[in-house]
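Undergrad: pasting a predicted model and its sequence here:
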Amino acid sequence: MQAVRFWQNRLRKFRDHPAAVIPFFQKQFYYRWVSDKYIPLYKNIHFLSYDETIDSIIDNNLSIVRFGDEVFDMLLGIGIYFNGWRQRYDQTLAQRLKEVLASTNDRLLVCFNPELIFKTKSEMVALGIGEQHQFWTNSRVYLRDYIHAERVYGRALAFQERYNKNLPYDKIIKHLAKKHLIIVASNTARFAGKQFGITTDYIEGPASDAWGSYQQLLSTALEIASSYDKEKVLIMTALGPSSKVMVYDLTKVGFTAWDTGQFFDLALERLIG
C-alpha cells in the first residue's frame, strides 16, 4: 500500500505540472550521484544546535522558517505531495521561496537540516538510512545559491521530538502563554478552541494548495494581529511552503511568526495537556 501511494504521488506531480518530469529526472539520474561533492562548500557555515535554535527564537523573540528537502524540489518545478496533501507547483510561489531563502533579516532565523543534508551516501548507509540520501539531493546542490557564510542558521528539525530528544515543552508553553497567538492552519477544529496564549485566534487554511488562498490568509492574519501590541503577537503557521512566505512577509512588517509545520500534529497532546 505504501508503494502504491508513493507512485500515485509521483504521477500526480507530473499530471498537475508535466514539465516537472525534467527536474525529476535530473535529480534522479544526475544530481543524486554528484551531490556529495557539494558538501565541502558548507563546512564553514554556522548552524545552531536544536537547543540553541529554540532558545534563540524564544529569548530573542525571533521569527523562524524551516526548509526541508521538498522546498528545493518546488524551486526546480516539482510540486509537493504527501499522502492526501499537496501543494501544486506555482512559479510565483517558487520565486517567493527564493526570497525567503536569501533573506538577511536579522529577526528571521532561517533553518535547514545539516544533520541530513551534509551526510554522504556512505555515512547514511552506515547509519541505516541510506534510502534517505536521495531526498536531500537538491538541498545539497542548490543551497549554495542562497546561504550566506556570515550568517547563523538554525535547525529545521528542532520542533520534532524524534530528532530533538530534549524538546523543551515547558519553555515553549510558557512562551506561548505570554503572547496573543494567531494560529493559521487547516483543520483548526482539532484545537477545540484551546486558549494557548493571552488570546488565541484561529484562521482556517485549506487542506491543500494553500498558496491559492495566500493573500486572503495573510490579510486576515494582519487584520487580527494589528489589533494587539505588536511585541506580544505570535503568528504560528502550518500551510506547507506558503507558511515560509507568510512568516517572511509578516516579519518584514514587524510581527513575529513561526513556521511550525508538523509541530502541532506531533505535539498537540503535549501542548493541550
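TA: That came through fine. Everything numeric here is computed off the predicted structure, so don't read it as measured data.

Undergrad: Phe67 contacts Cys111, correct?
TA: Yes: contact status for Phe67 versus Cys111: in contact at 6.6 Å, counting by C-beta atoms under 8 Å. Placement of C-beta: from N, CA and C, glycine included.

Undergrad: can you show me the helices along the chain?
TA: 2-16, 21-26, 32-34, 50-59, 69-75, 91-101, 114-117, 121-126, 137-142, 169-177, 214-225, 241-252, 263-272 (DSSP state H).

Undergrad: next, the buried residues of the second one.
TA: In terms of neighbour count (16 or more other C-beta atoms under 10 Å), helix 21-26 has its buried residues at 23-24, 26.

Undergrad: excluding chain neighbours, what is closest to the residue nearest in space to the middle of the chain?
TA: Averaging the C-alpha coordinates of the chain gives a centre point, and the residue nearest to it by C-alpha atoms, centre = their mean is Arg66 (3.5 Å). In space, not counting the residues next to it along the chain, Arg66 is nearest to Ala156; the distance is 3.8 Å by C-beta to C-beta, 6 or more residues apart in numbering.

Undergrad: quick one, domains of the chain?
TA: 2-155, 169-272 (automatic domain parsing).

Undergrad: starting at the chain centroid, how far to the first one?
TA: Relative to the chain's own centre, domain 2-155 is displaced by 9 Å; criterion: C-alpha atoms, centre = their mean, to the nearest Å.

Undergrad: so where is the stretch 151-273 of the chain shaky, pLDDT-wise?
TA: Across the stretch 151-273 of the chain, the stretches falling below the confidence threshold (pLDDT under 70) are 264-273.

Undergrad: what residues are up against Phe255?
TA: Contact analysis of Phe255 by C-beta atoms under 8 Å, 6 or more residues apart in numbering lists 63, 222, 225, 230, 233, 235.

Undergrad: narrow the residues you listed to just the buried residues.
TA: For the contacts of Phe255, burial is judged from neighbour counts taken by 16+ other C-beta under 10 Å, and it is met by 63, 222, 225, 233, 235.
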